[in-house]
Structure formats: structure tokens, C-alpha cells
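> Give me the fold of what follows.
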Amino acid sequence: MNVGLRIVLIISVMGVLVAGLQIVIWRMSKGKVFFKYIPTLVLLIIVLVCIVKSIWFSTGMEDLAYFITAMLAAGVLAVSLVTGIIIDIVTKPRR
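Reported below is the predicted structural model:
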């Protein structure tokens with residue numbers, strides 16, 4: 001299997017899991033807007049920490065691993081952000 005295809009598959013599977021978590025959080029929060037964006041904020045923090053760690057605090061090949069982790073988390077962050085926006089658009093007429 002091609003490396004690019006594997007990365008897309010990993011991001012897709014993780015994105016579906018995070019999107020499902022967001023939907024569960026949204027259902028349990030009874031319509032509060034902020035709570036469904038908590039996974040997005042956590043992923044943003046993970047991306048920023050991995051980038052900072054890869055640039056300034058890594059030695060050897062460790063920086064490459066942190067950069068790849070940041071890329072994967074950024075892909076899942078995009079899926080999470082889109083999921084939150086779609087939930088907002090779908091529920092806007094109800095409010």
C-alpha cells in the first residue's frame with residue numbers, strides 16, 4: 001500500500017472517531033455551542049506542541065516523528081473543525 005494512501009486512511013479513521021466523539025458530546029451538552037469544539041481545541045494544542053517540540057527540543061530523527069504526528073493531528077483537526085461547523089449549520093434553523 002502506498003504511503004500517502006496510508007496517511008489518508010489513518011486521518012480518515014481517526015477523523016471518524018473524533019467526529020463521533022463530537023456528536024456524542026453535542027448530544028449530551030443539550031445544545032451548548034462550545035462543548036462540541038473541545039476535541040478541536042485539544043487537537044490544536046497537540047499540533048502546536050508537536051511542532052514546537054520538533055523545531056526546538058528534538059534531537060536526531062525525533063523531530064521528523066513529531067512533525068509527522070503534527071501533520072496527522074492537523075488532518076484530524078480539520079475533520080473535527082468541519083464536523084463542528086456542519087453541526088452548527090444543521091442545528092441553526094432549530095435555534
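
> got a list of what Trp26 touches?
Residues near Trp26 by Cβ atoms under 8 Å, 6 or more residues apart in numbering: 35-36, 87. Bear in mind the C-beta positions are built from the backbone N, C-alpha and C, glycine included.

> So, low pLDDT: which residues of the protein?
The chain contains residues with pLDDT under 70 at 31, 94-95.

> that older thread, now the buried members of the contacts of Trp26.
The neighbour count (16 or more other Cβ atoms under 10 Å) marks 36, 87 as buried among those.

> The contacts of Trp26 into JSON lines, with extra columns for distance to Asn2 and secondary structure?
Below are these laid out as JSON lines (distance: Cβ to Cβ, whole Å; DSSP: H, G, I helix; E, B strand; the rest coil):
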{"residue": "Phe35", "distance to Asn2": "38", "secondary structure": "helix"}
{"residue": "Lys36", "distance to Asn2": "34", "secondary structure": "helix"}
{"residue": "Ile87", "distance to Asn2": "33", "secondary structure": "helix"}
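
> Dump the contacts of Trp26 to CSV, plus distance to Ile46.
Formatted as CSV, the contacts of Trp26 follow (distance: Cβ to Cβ, whole Å):
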residue, distance to Ile46
Phe35, 19
Lys36, 18
Ile87, 21
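
> what's the closest of the contacts of Trp26 to Gln22?
Closest approach to Gln22 among the contacts of Trp26 (Cβ to Cβ): Lys36, at 5.1 Å.

> In which helix or strand does the residue nearest the centre of the chain reside?
The centre of the chain sits closest to Leu77, judged by Cα atoms, centre = their mean, with a distance of 2.5 Å. Leu77 belongs to helix 62-91 when assigned by DSSP states H and E.

> Fine, thanks again, bye for now.
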